[in-house]
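Asker: this is a predicted model, with the sequence first.
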Amino acid sequence: DDIALPFKTLRLRAKGSDAGHNGLKHINDILGHHNYARLRFGIGDEFSRGQQVDYVLGEWSLEEKKELPELFDYCIQIIKSFSTIGIERTMNQFNKRKKS
């Protein structure tokens, strides 16, 4: 999950910082580095000041829930591509396309 990206935005990255994401911080601590691929899943930033944790760990809206199956299928396409043609070609193919 990534609050820095609007809902429905998916981005594959070869590596990067944790950007304040606790899950990525934990992975970095375990691995001892941040050189691993990650698929960023935009959830938007529609929360009130001080409510970030509740927003990130909260429920999807009804509209969002309707769109999740298609987004999950798209994530699967990205992951399959990454595992077959590699990170660079997959990023070139999928990161330029905006999921509508």
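Answerer: That came through, no problem. Residues are numbered from 1 along each chain as shown.
Asker: contacts for the lowest-mean-pLDDT helix or strand in the chain?
Answerer: In the chain, the helix or strand scored least confidently by mean pLDDT, DSSP states H and E is helix 52-57, which has a mean of 74. Under the criterion CB atoms under 8 Å, 6 or more residues apart in numbering, residues D1, I3, I43, D45, E46, F47 lie in contact with helix 52-57. For every residue, glycine as well, the C-beta is placed using N, CA and C.
Asker: the protein: helices as residue ranges?
Answerer: Taking DSSP state H as the criterion, the chain contains helices spanning 22-31, 52-57, 62-85, 87-94.
Asker: still on that earlier bit, how about the least confident helix or strand of the chain as PDB, C-alpha atoms only?
Answerer: Below are the C-alpha coordinates for helix 52-57, written out as PDB (Å, rounded to 0.1, in the frame of the first residue of the first chain):
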ATOM      1  CA  GLN A  52      -3.100   7.900   8.600                       C
ATOM      2  CA  VAL A  53      -2.900   4.600  10.500                       C
ATOM      3  CA  ASP A  54      -6.600   4.300  10.700                       C
ATOM      4  CA  TYR A  55      -6.900   5.000   7.000                       C
ATOM      5  CA  VAL A  56      -4.200   2.600   5.900                       C
ATOM      6  CA  LEU A  57      -5.500  -0.200   8.200                       C
END
